[in-house]
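Chemist: Provide a 3D model corresponding to the input given below.
(chains A and B)
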Number of protein chains: 2
Amino acid sequence: MNIAVAQSGGPTCAINASLVGVFGQALKTPGIDAVFGSRCGIEGVIGDDLIDLKRVIRTNEDMELLRQTPSTVLGSCRYKLPDYGSDEGAEVYDRIFSVLEKHRIEAFFYIGGNDSMDTVQKLSEHAARIGSGIRFVGVPKTIDNDLPVTDHTPGFGSAAKYVSATVQEIIRDSSVYSIDSVTIIEIMGRHAGWLTASTCVLKANDEIAPHLIYLPESDFSVERFLEDVRSERAKHKALIVAVSEGINIGDVEARSGASDNFGHMYLSGVGKALEQIVREEIGCKVRSIELNVMQRCSSHICSKTDIDEAEAIGAEAVKAAMRGETGVTMVFRRLSDKPYVVTVETADTALMANKEKFFPREWINAAGNNVSDEAIKYFLPLIQGEVNIAMKNGMPVHFKMHI
Amino acid sequence: MNIAVAQSGGPTCAINASLVGVFGQALKTPGIDAVFGSRCGIEGVIGDDLIDLKRVIRTNEDMELLRQTPSTVLGSCRYKLPDYGSDEGAEVYDRIFSVLEKHRIEAFFYIGGNDSMDTVQKLSEHAARIGSGIRFVGVPKTIDNDLPVTDHTPGFGSAAKYVSATVQEIIRDSSVYSIDSVTIIEIMGRHAGWLTASTCVLKANDEIAPHLIYLPESDFSVERFLEDVRSERAKHKALIVAVSEGINIGDVEARSGASDNFGHMYLSGVGKALEQIVREEIGCKVRSIELNVMQRCSSHICSKTDIDEAEAIGAEAVKAAMRGETGVTMVFRRLSDKPYVVTVETADTALMANKEKFFPREWINAAGNNVSDEAIKYFLPLIQGEVNIAMKNGMPVHFKMHI
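Modeler: Residues are numbered from 1 along each chain as shown, chains lettered A, B, ... in the order given. Alright, predicted model coming up:
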């Protein structure tokens, strides 16, 4: 039998490690012949654009470099499968299954987030519908950490490690001048605040900052934000504010009456908008910093725990498929924080497809501007350890596929 | 005798390493008793806000951590000394010399950029004027690398290493989707393009990108930029553009006639402005990324060469002062690229105070949109080697001064 693997959704530091996990386990599994990589997610299956991975990942060194290389080596997509009952549905499903059958692919692994799990669910349902034995297994990944059931998602730990290390450096940077200042750091997370909240781990290293943390899960109001900034400024010369890109500052427009003006600001993100509000309303030195895509691709400071787990969960997915499981997604279950112990299990993909897991309300303080020590205990194990990054000419070496 | 040291200007990853160099060499030098640190640059001398550094840097571990900690542990300032002949001039100079004499300080070391060298020059001139034996020695630092005479400046190599590693990760990130895109990366450098140009080192690791590099030293025109983007887009699916924050896009306003609109854009930097221009004029997928203060404080990926050199040049400054030199700034002279050999020498501070060194025109290509192999040879040695960063709880450990 042959198998196929694809990567989908936004890049992370760990999605290639999960690919290595699938590939490495397949090599060790009797009965698996070819391992195909599908270019640009499921689009590669639809377009019959499959690569024989043994031809491109040829040595142990290739595997190690790929583990360390950020983003998706096979390319990605944001393609959502049509419903089976729709006009184009039947055609697309027929096409996918005919390509898989043509290449004798009996198990398909999709590494992705909640949208990608929708694809896994739909394809496993279709297999049941037509009586196909092809198994479909989801391998989670997302820096947003917003997938239900699983304790956390591969890719998140590395993003959290980068964000925390960088916020700590920004704290140092902000403290140099004798003049008071406010620094607003905008962090990814459109609906879920996990990554922004993870900056609380700095407390474990005796940092007081970030002094204020705002998540999409806490009700945001510009008035309370300004009150918070005023009162914290009295205590801290260099105030550090961590803010999720997804907080709702919608009332700003109404408040200012200058929709054109604030419309422009919003284009640049909430950090820039809050910067302008602080400047106008408080009048102090203020700057905003957007961590941008560096949050999802800074492999040079990835979490060893994250990369190791991402590889392991990919390998476990192959085992699950060989056991005959389908329509499942691999998940972590945490048995304890300290010592940190997790097991890998399978869960019904329907529990995760198109669903989001939010940062727990009970870990947000009453004022809605910081998080609790419970959150620190949750986050800390996920950022532990450093990968021995291969360097050449003073820069990390990335795996590149030459085909 | 006692000595004093201060840090000035914008933060870097290496400015604390130079402080460690001054401090460590002073400990080894017979005849030097106390080493004072001046808070917030020369302002600490004016305000008699001096710290006995032996009380705060107590162990070898402290010294190692401080070497690895970004930004300025003593704080910084942007204070420019008044001219001696001015109204306040005489008073400020008297004040500085009386504080130095009160603490028996016979040598003062100022770690900073071209503005700080102005202070070194003025104070050494005043010492001569009043017959004081106090020596003033400059220790260079700036991520801008724009100080004359010296081959390069401490702090630059670490910034260049961070920028190159990050641009490489952004290249990976930009290549995931099947849709064509343009990514514009805005890099620090208001007048000098050294840091932006340094991204050319990626070619040594077989990256083709950045495909376009724009420096303040090359004449920028929006028309030519759009032509470049159009022609490079035909060749590269994910186009990467590196651009100095200091390029002159002034003609944009005139061109669009929408000064209000472009005025707004300009607030967000040239990257955002060019993003909008590409969107409007070419209409493709485009994003801009600002590397922001992370360029100057990302010690977690600092250059070992840079940190070692920063410490060494601080130590050499103490030796120069003990030889009786004053009104000088320490400089690197490069003897060869490969093997990389530099010596540390002294130069007349007057050659550097308030002066800038620009990226050589002859290293810019005829089209003004990329740099030559000569530049790669120049940059590569400066980013070599990694510091063994001390980690705790999965994050770098920073030295913090508890006083």
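
Chemist: Check A:E88 and give its pLDDT.
Modeler: On the pLDDT scale, A:E88 is placed at 88.

Chemist: give the contact list for it.
Modeler: Applying Cβ atoms under 8 Å, 6 or more residues apart in numbering or on different chains to A:E88 gives the contacts A:P82. The C-beta positions use only the backbone N, C-alpha and C, and glycine is treated the same way.

Chemist: Now with 10 Å, please.
Modeler: By Cβ atoms under 10 Å, 6 or more residues apart in numbering or on different chains, A:E88 lies in contact with A:L81, A:P82.

Chemist: just A:V229 next, same as before
Modeler: Applying Cβ under 10 Å, 6+ apart, the residues near A:V229 are A:182, A:184, A:211-212, A:239, A:241, A:274, A:277-278, A:281-282, A:284, A:286, A:369.

Chemist: where does the stretch 201-350 of chain A have low pLDDT?
Modeler: Scanning the stretch 201-350 of chain A for pLDDT under 70 picks out A:251-268.

Chemist: Might you enumerate the residues of it proximal to chain B?
Modeler: A:201-207, A:260-261, A:264-265, A:267-269, A:272, A:275-276, A:287-294, A:296-301, A:303-305 (Cβ under 10 Å from any Cβ of the partner chain).

Chemist: go with 6 Å
Modeler: Contacts of the stretch 201-350 of chain A with chain B, taken as Cβ under 6 Å from any Cβ of the partner chain, map to A:A204, A:N205, A:H264, A:S268, A:I289, A:N292, A:V293, A:M294, A:C297, A:S298, A:H300, A:I301.

Chemist: Rebuild these as TSV, extending it with neighbour count.
Modeler: Formatted as TSV, those follow (neighbours: other Cβ atoms under 10 Å in any protein chain shown):
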residue	neighbour count
A:A204	18
A:N205	17
A:H264	19
A:S268	22
A:I289	23
A:N292	24
A:V293	22
A:M294	24
A:C297	29
A:S298	29
A:H300	25
A:I301	26
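
Chemist: Restricted to strands, list those residues.
Modeler: A:I289 (DSSP state E).

Chemist: May I ask which two of the residues of the stretch 201-350 of chain A next to chain B are separated the most?
Modeler: Spanning the widest gap among these are A:A204 and A:H264, at 39.1 Å by Cβ to Cβ.

Chemist: just to revisit the earlier point, so which of the contacts of A:V229 belong to helices?
Modeler: A:L274, A:I277, A:V278, A:E281 (DSSP state H).

Chemist: Check the gap between the most centrally placed residue in chain A and A:P154 for me.
Modeler: In chain A, the residue lying closest to the centroid (Cα atoms, centre = their mean) is A:I143, at 1.6 Å. Note on A:I143: its distance to A:P154, by Cβ to Cβ, to the nearest Å, is 10 Å.

Chemist: cool, A:M1 as well?
Modeler: When A:M1 is compared with A:P154 (using Cβ to Cβ), they lie 26 Å apart.

Chemist: mind listing the strands for the stretch 201-350 of chain A?
Modeler: Secondary structure of the stretch 201-350 of chain A (DSSP state E, counting those that start in this stretch): strands at A:212-214, A:238-244, A:285-290, A:328-337, A:340-348.

Chemist: how about the ones you listed in a markdown table, adding distance to A:G37?
Modeler: Listed next are those as a markdown table, based on distance: least, Cβ to Cβ, whole Å:
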| stretch | distance to A:G37 |
| --- | --- |
| strand A:212-214 | 39 |
| strand A:238-244 | 34 |
| strand A:285-290 | 33 |
| strand A:328-337 | 19 |
| strand A:340-348 | 22 |
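
Chemist: Wait, A:T326 touches A:I134, no?
Modeler: No. Counting by Cβ atoms under 6 Å, A:T326 does not reach A:I134; the two are 7.7 Å apart.

Chemist: mind checking the end-to-end distance for stretch A:59-78?
Modeler: 31 Å (Cα to Cα, to the nearest Å).

Chemist: Repeat that for stretch A:98-114.
Modeler: Using Cα to Cα, the two ends of stretch A:98-114 sit 25 Å apart.

Chemist: Show me what it is in contact with.
Modeler: A:1-9, A:15, A:18, A:22, A:45, A:48, A:116, A:119-120, A:134-139, A:141-142, A:147, A:317, A:321, A:354-355 (Cβ atoms under 6 Å, 6 or more residues apart in numbering or on different chains).

Chemist: And those, which of them are buried?
Modeler: Buried members of those, counted by 16 or more other Cβ atoms under 10 Å in any protein chain shown: A:2-9, A:15, A:18, A:22, A:45, A:116, A:119-120, A:134-139, A:141-142, A:147, A:317, A:321.

Chemist: In strands, which of those residues fall?
Modeler: Using DSSP E, the buried ones among the contacts of stretch A:98-114 in strands are A:N2, A:I3, A:A4, A:V5, A:A6, A:Q7, A:R135, A:F136, A:V137, A:G138, A:V139.

Chemist: what's across from the first one in the sheet?
Modeler: Yep, that's A:N2 we're talking about. A:I105 (DSSP bridges).

Chemist: so how far is A:A26 from it?
Modeler: Taken as Cβ to Cβ, the span from A:N2 to A:A26 is 9 Å.

Chemist: wait, A:A321 sits on A:V139?
Modeler: No. Contact criterion Cβ under 6 Å: A:A321 and A:V139 do not qualify, at 10.6 Å.

Chemist: May I have the residues that are in contact with A:P11?
Modeler: A:S71, A:T72, A:R296, A:C297, B:D173, B:V176.

Chemist: Name whatever forms a beta bridge with the nearest residue to the second one once chain neighbours are set aside.
Modeler: On the basis of Cβ to Cβ, 6 or more residues apart in numbering or on different chains, the spatially nearest residue to A:T72 that is not a chain neighbour turns out to be A:Q7, at 3.9 Å. Partner residues in beta bridges with A:Q7: A:I111, with DSSP bridges as the criterion.

Chemist: so who does A:Q7 touch?
Modeler: A:I15, A:T72, A:L74, A:S76, A:I111.

Chemist: Distance to A:Q384 and pLDDT added to those, as a markdown table?
Modeler: As requested, the contacts of A:Q7 are exported to a markdown table (distance: Cβ to Cβ, whole Å; pLDDT from 0 to 100):
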| residue | distance to A:Q384 | pLDDT |
| --- | --- | --- |
| A:I15 | 20 | 98 |
| A:T72 | 25 | 96 |
| A:L74 | 28 | 97 |
| A:S76 | 28 | 94 |
| A:I111 | 23 | 98 |
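
Chemist: Understood, closing this out.
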